[in-house]
Structure formats: structure tokens, C-alpha cells
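>>> A structural model of the following input is requested.
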Amino acid sequence: MRLGGNATSYVGAIYGLDGRRVRSFTAGASGRIVWDGRDEHGDLVRPGMYFLRAESGGRAAVARIAVIR
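Here you go, the predicted structure:
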């Protein structure tokens, strides 16, 4: 996934539908994020819907992610 914008860095996390944080991330100016489908402990997450929330410069955006296996 690539985050659009002209920020120098991004921070955020991926959340399950229950609101639980699954995995945190940081991204540089390129805004490129690669999620391998694993949680913070390295375990594969279950198939389903997830949300990515990214922040930079006081602004935030949310995107939906579907995990299918």
C-alpha cells in the first residue's frame, strides 16, 4: 500500500473490526507500507476485514483491508 501526500513520515496501525490493534507501523517519505498479514507477535491473522489508520502532520486517514486465504 502506498500512502499519498507530501509528508516526511507516517505512523499508524492496523486494527481488527473489534478495534484491537493488530500491528503498528512507521513509513518514510515514500509512504510505502507492506503488511505480511501478521500481528505484533508474528502470528498470522485470521481472514477477514481490517482497518489501516495512518497519521502525519496532525492529519489521519483510514483504509479497509481484506485478508483472504
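>>> who does V67 bridge with?
G48 (DSSP bridges).
>>> ok, it touching R46?
Yes: in this structure, V67 is within contact of R46 by C-beta atoms under 8 Å, at 7.4 Å. Backbone N, C-alpha and C define where each C-beta goes, glycine included.
>>> more neighbours, those two?
Legend: neighbour count by other C-beta atoms under 10 Å for V67 and R46, higher for V67 (15 against 11).
>>> just list the residues touching the more buried one, thanks.
G37, V45, R46, P47, G48, M49, Y50 (C-beta atoms under 8 Å, 6 or more residues apart in numbering).
>>> quick one: secondary structure of V22?
Per DSSP: H, G, I helix; E, B strand; the rest coil, the secondary structure class of V22 is strand.
>>> what about it, how many neighbours?
Other residues close to V22 by other C-beta under 10 Å number 22.
>>> could you measure from it over to H41?
Separation of V22 from H41 (C-beta to C-beta, to the nearest Å): 10 Å.
>>> repeat that for A63.
Between A63 and H41 the computed distance is 23 Å (C-beta to C-beta).
>>> who's more crowded, these two?
Of the pair A63 and H41, A63 is the one with more neighbours under other C-beta under 10 Å, namely 14 against 7.
>>> so the more buried one sits against M49, correct?
No: A63 is beyond contact range of M49, at 11.2 Å (criterion: C-beta under 8 Å).
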